[in-house]
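Q: structure of the sequence below:
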Amino acid sequence: MQPIQLESAVATILEHESRFEPGAYFLVRDILDFTVERLAKKNKGEKRHVTGPELLIGFRDFVLKEYGPMGATLLEDWGITSCRNIGEIVFLFIEHGVFGKQDSDTIDDFSEIFDFEEAFTAPFLSIK
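A: Below you'll find the model as predicted:
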């Protein structure tokens, strides 16, 4: 997808949806790319559909790697406070034609795979 198409889709979503800041949408899009590439490396370069739990693990790993101890603050500022929020963004993208889906994909795929505080705050509490 071309960046302008993504920006247009996000602008359209934001006309009707105020739970998440614009950055949240772009972050989820970047994390899908990150997760697809990471899984492709494990599958000898073959790209495939990413499941909800796989995207959540990619999300956690990406945020920790890219934002470190500021990740929790960034996510909260953008309105992302749970795994389900990521699924809500994914399904908004699906509704607006940004992401595709398989018949078996549901919002419940984004159940609480991990606790946000444990994932994004706890790793940095013991830093000295």
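Q: and whichever helix in the chain runs longest, what does it pack onto?
A: Counting residues, the longest helix in the chain under DSSP state H turns out to be helix 22-42. Here helix 22-42 touches helix 3-16, helix 52-67, helix 83-95, going by 3 or more CB pairs under 8 Å, 6 or more residues apart in numbering; DSSP states H and E. For glycine as for every other residue, the C-beta is placed from the backbone atoms N, C-alpha and C.
Q: now what about that helix, what contacts it?
A: If you take CB atoms under 8 Å, 6 or more residues apart in numbering as the criterion, helix 22-42 is touched by 6, 10, 13-14, 46-48, 50, 54-55, 57-59, 62-63, 74-75, 78-80, 85-86, 89-90, 92-93, 98-99.
Q: just stretch 101-121 next, same as before
A: Residues outside stretch 101-121 that contact it (CB under 8 Å, 6+ apart): 49, 51-53, 55-57, 60, 63-64, 71-72, 75, 81-84, 86-88, 90-91, 94.
Q: could I have it exported to CSV, CA atoms only?
A: Provided in CSV are the C-alpha atoms of stretch 101-121 (Å, rounded to 0.1, in the frame of the first residue of the first chain):
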residue,chain,number,x,y,z
LYS,A,101,-8.6,-11.0,6.5
GLN,A,102,-9.4,-14.6,6.3
ASP,A,103,-12.9,-15.9,7.2
SER,A,104,-11.5,-17.4,10.4
ASP,A,105,-10.1,-14.1,11.7
THR,A,106,-12.1,-12.5,14.5
ILE,A,107,-11.6,-9.7,17.1
ASP,A,108,-11.3,-12.5,19.7
ASP,A,109,-8.0,-13.4,18.1
PHE,A,110,-6.7,-10.4,19.9
SER,A,111,-7.6,-11.5,23.4
GLU,A,112,-5.2,-10.6,26.2
ILE,A,113,-2.2,-12.5,25.0
PHE,A,114,-0.1,-10.5,27.5
ASP,A,115,-0.6,-7.8,30.1
PHE,A,116,0.5,-4.4,28.9
GLU,A,117,2.0,-3.3,32.3
GLU,A,118,4.0,-6.6,32.5
ALA,A,119,5.1,-6.3,28.9
PHE,A,120,6.0,-2.6,28.6
THR,A,121,6.7,-1.4,32.2
